[in-house]
Every structure is written in C-alpha cells, then in structure tokens.
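Engineer: predicted coordinates and the sequence they were generated for:
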Amino acid sequence: MPGPNGDPALDALLLPFAEGELAWPADGALFLRARAGAALQAQDRPGLVCEQGYRPDAAALASAGFSVRDPADASGDARRWPLVLLLPPRQRDEARALFAEAFARVAPGGTVIASVANDAGAKSAEADFARIAGSVVTRSKHKCRVFHARADGQGDAALAAQWRTLDAPRRIAGDRFVSRPGVFAWDRIDPASQLLADHLPADLVGRAADFGAGWGYLAGELLARNPGITALDAFEAEARALQLARENLAGFSPRVALGFHWHDVTAGVPGQYDVIVSNPPFHVPGGAERPDIGRAFIASAAQALKPGGRLWLVANRHLPYEEALGAGFGTVRLVAQHDGFKVVEAVKSLPKPPARPVRPEREARWR
C-alpha cells in the first residue's frame with residue numbers, strides 16, 4: 001500500500017520501461033507483490049497479471065482494471081513468463097523465497113526486475129538477488145535501487161532451489177502453532193496479543209469475531225477461555241496469514257462454527273456479533289505507521305457489534321484511539337497497561353427505551 005508520499009519503489013521499478021531501457025513484452029508479464037499506482041497506469045501493460053495477497057492492495061489493483069489473483073490460487077500455474085516484476089517484502093527469508101520464485105517462473109532468456117527502497121534494505125536485497133541471478137544491472141532513483149537480470153543460466157540454481165523453501169510454514173512456540181516468515185510476529189507470540197489474552201474474561205458467549213486475526217493466536221485463546229462462544233469469524237487482510245489461521249484453529253471446529261475471511265476490516269464487516277477481539281495493525285506492509293487503520297477497525301467493530309456487545313482491544317499505549325472508542329461505544333474502560341500496551345473493553349450501548357408519552361393534566365373544572 002503506498003504511503004502518504006506515493007510509492008517510490010513502484011516508480012523506480014517501472015522507470016526502465018518508461019525510459020526505453022527495457023521493452024515491455026508482447027506476451028505479457030507477471031508482477032509479484034504488485035501494487036497499484038500512477039506509474040503502473042502511465043502506460044499500457046498488455047498481458048499483465050498481478051499477484052497480491054494483501055487485500056487492500058489487491059482491491060486497488062482490481063479497481064484500476066488490472067488482472068489480479070491471490071498467490072495461493074497460482075500454485076499450480078506452470079506458465080513461464082518473459083518478464084517477472086517484483087516488489088520484495090522487508091522480511092529477508094520471505095524476500096529470498098520471492099526472488100527464487102521469480103526466477104522459477106521466468107522463461108529462459110526472460111528478465112526479472114525488482115525494486116527496493118534504500119531505507120528498506122535495498123543494498124542487502126540487491127546482494128541476495130545477485131547471488132541467484134548472476135550478472136545484475138542496477139540503477140538508483142527515487143531513493144530506491146532497481147535491479148534486473150536475464151534468466152541466462154548463469155545464476156546459482158541450487159541456491160535458488162534452497163531459497164524457495166525459506167518461507168515455508170513451520171512450527172513455533174513449542175510446536176503449538178504453525179507460522180511462516182513474513183506474517184506479523186511470525187516466529188513468536190506477539191506480546192500485545194498475549195497481554196490481551198491474559199485479561200480476557202471467561203464469560204463471553206455467542207457469536208464472536210477476530211478483526212485482524214493474523215495466524216490465529218488471539219482467536220484461539222478466546223475460544224479456549226470461553227466455551228460459551230458458538231461461532232467465530234476470523235477476518236484478515238493478509239492471505240498468507242489467513243491460511244495459517246485455518247490450520248491453527250482447526251481443532252476448535254467440532255464445537256465452534258468457524259469462518260475465515262480474506263477481508264479489509266477498514267471497509268466494514270457484514271454480520272452482527274456478541275464479541276469482537278482485536279489487535280489492530282497500525283503499519284502497512286511497507287512499514288509506514290498508520291493509526292487511522294486502528295481507528296477504522298474500532299468504527300467497524302462498533303457497527304458490527306450487537307447492542308450490549310463487547311469489544312476487547314489491545315493497542316500501543318501512545319495510539320490515539322480514545323476518540324474513536326468514545327464515538328462508537330457507550331462505556332469504555334481501561335483494563336490493563338503493561339510494557340507500553342493497553343487493554344480496553346468497550347461495550348456498545350443498548351437501545352434507549354421509547355419515551356413514555358406525556359399525558360396532559362386534566363383541566364380542573366370550576367363550577
């Protein structure tokens with residue numbers, strides 16, 4: 001998702017095509033971790049297929065008219081492309097796996113091109129790229145590095161094959177859960193979520209939701225502590241995390257109706273709930289801080305809860321959520337504060353009873 005200053009990495013990625021250094025192939029191209037933006041729409045991109053697992057970015061691409069799909073839906077696609085573009089993620093193992101994936105999906109003699117912002121590790125990303133690519137052409141622009149290589153067989157194919165497995169799911173937290181590099185808090189239990197889990201009551205009942213469910217830790221703790229919950233919907237914008245949540249919560253399926261939704265909570269959520277838990281994100285995948293996302297989560301929770309429904313939320317203590325909580329809920333209480341985090345319970349107001357009609361006093365009759 002572009003930050004407030006646009007998307008310099010996307011601008012740099014497409015500069016070689018805008019300036020004629022590279023030609024756009026007639027047979028189409030594949031764009032991994034694609035993002036929409038003015039640079040992508042500045043020229044015709046015939047045959048472009050975008051893969052993006054982050055729901056807001058996927059929706060923006062579709063809205064701009066591009067063909068877009070969840071990477072999981074492309075797992076059986078054997079097509080090799082004359083051009084593969086990518087915007088690598090920050091997490092190094094995930095990025096290395098994506099570089100290797102790009103070279104596995106480019107046609108012999110085709111081109112792989114990537115762009116990384118300088119402050120997002122461009123130098124080390126370029127070095128990793130070169131290890132499996134062979135000869136690399138690099139240029140700097142917009143405080144980014146953009147680098148490309150031809151698939152000419154000169155790279156380290158054995159290392160590339162090894163790297164393709166670096167972001168595979170693996171067991172974490174004493175084998176309690178499955179996670180993978182690149183998702184939020186991928187190799188540990190997030191301390192904010194742990195704090196919220198430690199303060200959840202055991203009297204929550206009915207239909208529940210986890211807004212921003214990640215790989216499923218908080219939803220699992222909610223269900224383990226509250227046998228009165230009969231259904232739970234997990235809403236998560238990152239498809240890779242949602243796949244993990246399915247596996248981590250599967251053990252609850254005999255007693256709880258589970259739903260999994262690749263969804264941007266900031267756009268609102270259908271349905272009505274008795275309980276919502278949330279550790280809202282306040283960064284986008286590029287790393288920029290976005291407290292407005294948390295405020296939108298709170299507004300969506302206020303809309304989705306039934307009257308009397310309860311929101312249990314954890315956030316960094318400095319984040320300005322009080323106004324949003326006050327606007328959407330009847331009562332708000334601070335439950336705990338620890339290590340820079342705060343846990344809040346907010347209860348949606350019950351509807352006011354209809355006003356009783358005022359009966360006019362009888363006029364006194366004087367005789």
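Structural biologist: It's in.

Engineer: for the closest residue in space to E51 that isn't next to it in sequence, what are its contacts?
Structural biologist: Spatially, and ignoring its direct neighbours in sequence, E51 is nearest to P71 (4.7 Å; C-beta to C-beta, 6 or more residues apart in numbering). Quick note: C-beta positions are derived from backbone N, CA and C, even for glycine. Neighbouring residues of P71 by C-beta atoms under 8 Å, 6 or more residues apart in numbering: 32, 51-53, 239-240.

Engineer: now secondary structure, pLDDT and distance to P227 too, for these, in CSV please.
Structural biologist: Formatted as CSV, those follow (DSSP: H, G, I helix; E, B strand; the rest coil; pLDDT from 0 to 100; distance: C-beta to C-beta, whole Å):
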residue, secondary structure, pLDDT, distance to P227
L32, strand, 98, 43
E51, strand, 97, 40
Q52, coil, 97, 38
G53, coil, 96, 33
A239, helix, 97, 30
R240, helix, 96, 30
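
Engineer: give me the most central residue, this protein.
Structural biologist: The centroid of the chain falls nearest to E238 when counting by C-alpha atoms, centre = their mean (3.5 Å).

Engineer: quick check: phi and psi at that residue.
Structural biologist: phi -100, psi 110 (degrees, to the nearest 10).

Engineer: about what we covered before: out of the contacts of P71, who's the most crowded?
Structural biologist: Q52 (25 neighbours; other C-beta atoms under 10 Å).

Engineer: look up phi and psi at it.
Structural biologist: Dihedral angles for Q52 - degrees, to the nearest 10 - are phi -160, psi 120.

Engineer: could you check how far the nearest residue to A346 once chain neighbours are set aside is from A64?
Structural biologist: With C-beta to C-beta, 6+ apart as the criterion, A346 has its nearest non-adjacent residue at 3.9 Å, and that residue is F329. Separation of F329 from A64 (C-beta to C-beta, to the nearest Å): 36 Å.

Engineer: same question for P270.
Structural biologist: Distance from P270 to A64, by C-beta to C-beta: 25 Å.

Engineer: could you do D156 as well?
Structural biologist: Distance from D156 to A64, by C-beta to C-beta: 36 Å.

Engineer: which residue ranges of the stretch 51-200 of the chain form strands?
Structural biologist: 67-69, 81-86, 106-117, 137-141, 144-150, 170-172, 177-179 (DSSP state E, counting those that start in this stretch).

Engineer: figure out which of the ones you listed is closest to R295.
Structural biologist: strand 106-117 (26.3 Å; C-beta to C-beta).

Engineer: buried residues in that closest one?
Structural biologist: 106, 110-117 (16 or more other C-beta atoms under 10 Å).

Engineer: would TSV of these with distance to A315 and pLDDT be doable?
Structural biologist: Conversion of the buried residues of strand 106-117 to TSV gives the following (distance: C-beta to C-beta, whole Å; pLDDT from 0 to 100):
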residue	distance to A315	pLDDT
V106	42	97
G110	45	97
T111	44	98
V112	40	98
I113	38	98
A114	34	98
S115	32	98
V116	30	98
A117	27	96
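
Engineer: so if I had to pick from F329 and A64, which one is more boxed in?
Structural biologist: Taking other C-beta under 10 Å, F329 and A64 do not tie; F329 has more neighbours (21 against 14).

Engineer: wait, that one touches A299, no?
Structural biologist: No. Counting by C-beta atoms under 8 Å, F329 does not reach A299; the two are 10.5 Å apart.

Engineer: how about the strands of the stretch 51-200 of the chain in JSON lines, adding distance to F252?
Structural biologist: Supplementary listing: these in JSON lines, determined by distance: least, C-beta to C-beta, whole Å:
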{"stretch": "strand 67-69", "distance to F252": "30"}
{"stretch": "strand 81-86", "distance to F252": "36"}
{"stretch": "strand 106-117", "distance to F252": "40"}
{"stretch": "strand 137-141", "distance to F252": "49"}
{"stretch": "strand 144-150", "distance to F252": "44"}
{"stretch": "strand 170-172", "distance to F252": "18"}
{"stretch": "strand 177-179", "distance to F252": "13"}
